[in-house]
Structures are given as structure tokens and as C-alpha cells.
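> Sequence and predicted structure, then a few things I'm wondering about:
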Amino acid sequence: MSKAAKTAKPYEFNDYLLTQPAEFRSCLTELRNLIKSITPHAEEVFSYQVHCFKHIYMLVGIGTTRDYCSLYTMSSKLVKQIKEELKGYKMSGMTLHFKPDEPLPVDIITRIVLLRLQENEVIAIGKKKLK
């Protein structure tokens, strides 16, 4: 490990939050808290310019666009699996977009996170990374 890597400041959600427009911060914080309550053991990392949660592999991510908060499902399979439940929500590929003052329902977020946990564990078992 390089000396720079040893002394680098660890990634913190609040550092990420401060880089986001003020109108998105409350929504992102609530979304983070919900995801952490569903999967408290998930590691929090910064990847692809978004705040991500990792359980074995990447689980979900949260971030913003110019106009929306975003929940990155990180699974096209999951989006196809629950596409009927996602009707009426703004989608772009594997990402749900929503206005900060019109958050996604807790049950949808919970379902996505739990399905992603299952997906990651099935993949890990197949690759023998989880016993």
C-alpha cells in the first residue's frame, strides 16, 4: 500500500452530501438512513460519482442528476422482475429518478434493497464467495 493510500482520508457520506445541491440533501439523507436500516451491515463506498452500498458486491447507489434524486438498482434483472411495480416512476436503464419533494415509497425501496441482497448472495454462492 502506498504512503498516500495509508494517509488518505476515509470516504464519508457527509463529504459527498456537501457536494450536492442543498435541495437534494434531506432526501439523500433520508434515503441513506432507510437503506442503512434495511441493511445495516452494508459497506458504504463512493463509486461512479455516487454514494453506494456494498454487500459482497455493489448493492444499490444513491445520487442526483440536475433535476432528480436517483436510486441506482445496479441490476437490469431486478428492474425486469419488478417492472410492473415500477410503472409510473421515471426510469432510465436501471435507475429510478424522483423529485426530492416526492420520494419513492418506502416499500419500493425496501423491496429493491432486499432483492439486491438476495441477488448478491446467490451470485456469491455460485462463485463460492459465501458459505
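Ah, there it is.

> what packs against the top strand by length along the chain?
The strand spanning the most residues in the chain, taking DSSP state E as the definition, is strand 57-64. Other helices and strands packing on strand 57-64, by 3 or more CB pairs under 8 Å, 6 or more residues apart in numbering; DSSP states H and E, are helix 22-38, strand 50-55, strand 69-72, helix 106-126. From N, CA and C alone the C-beta is placed, and that goes for glycine too.

> Go again with 6 Å.
helix 22-38, strand 50-55, helix 106-126 (3 or more CB pairs under 6 Å, 6 or more residues apart in numbering; DSSP states H and E).

> Select, out of these, the one closest to residue 16.
strand 50-55 (5.0 Å; CB to CB).

> Run the angle between the closest one and helix 22-38 for me.
With axes from the mean of the first three to the mean of the last three CA atoms, to 10 degrees defining the directions, strand 50-55 sits at 0 degrees from helix 22-38.

> quick revisit: can you list the helices and strands packed on strand 57-64 in CSV and add mean pLDDT?
Shown next, in CSV, are the helices and strands packed on strand 57-64 (pLDDT from 0 to 100):
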stretch, mean pLDDT
helix 22-38, 96
strand 50-55, 94
helix 106-126, 95
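
> most packed of the ones you listed?
Sort the helices and strands packed on strand 57-64 by mean neighbour count, taking mean count of other CB atoms under 10 Å, and strand 50-55 sits at the top with a mean of 20.

> Tell me which residues are up against stretch 43-60.
11, 13, 16, 35, 42, 61-63, 74, 113, 116-117, 120, 124 (CB atoms under 6 Å, 6 or more residues apart in numbering).

> change it to 7 Å
Identification of contacts with stretch 43-60 by CB atoms under 7 Å, 6 or more residues apart in numbering yields 11, 13, 16, 32, 35, 39, 41-42, 61-63, 71-74, 112-113, 116-117, 120-121, 123-124, 129-130.

> Repeat that for stretch 99-116.
Contacts of stretch 99-116 (CB under 7 Å, 6+ apart): 23-24, 27, 30, 34-35, 38-39, 59-60, 68-69, 71, 73-75, 78, 82, 85, 96, 98.

> Also stretch 69-86?
By CB under 7 Å, 6+ apart, the residues outside stretch 69-86 that reach it are 24, 27-28, 31, 50, 58, 60-64, 94-98, 100, 104, 108-109, 111-112, 115-116, 119.
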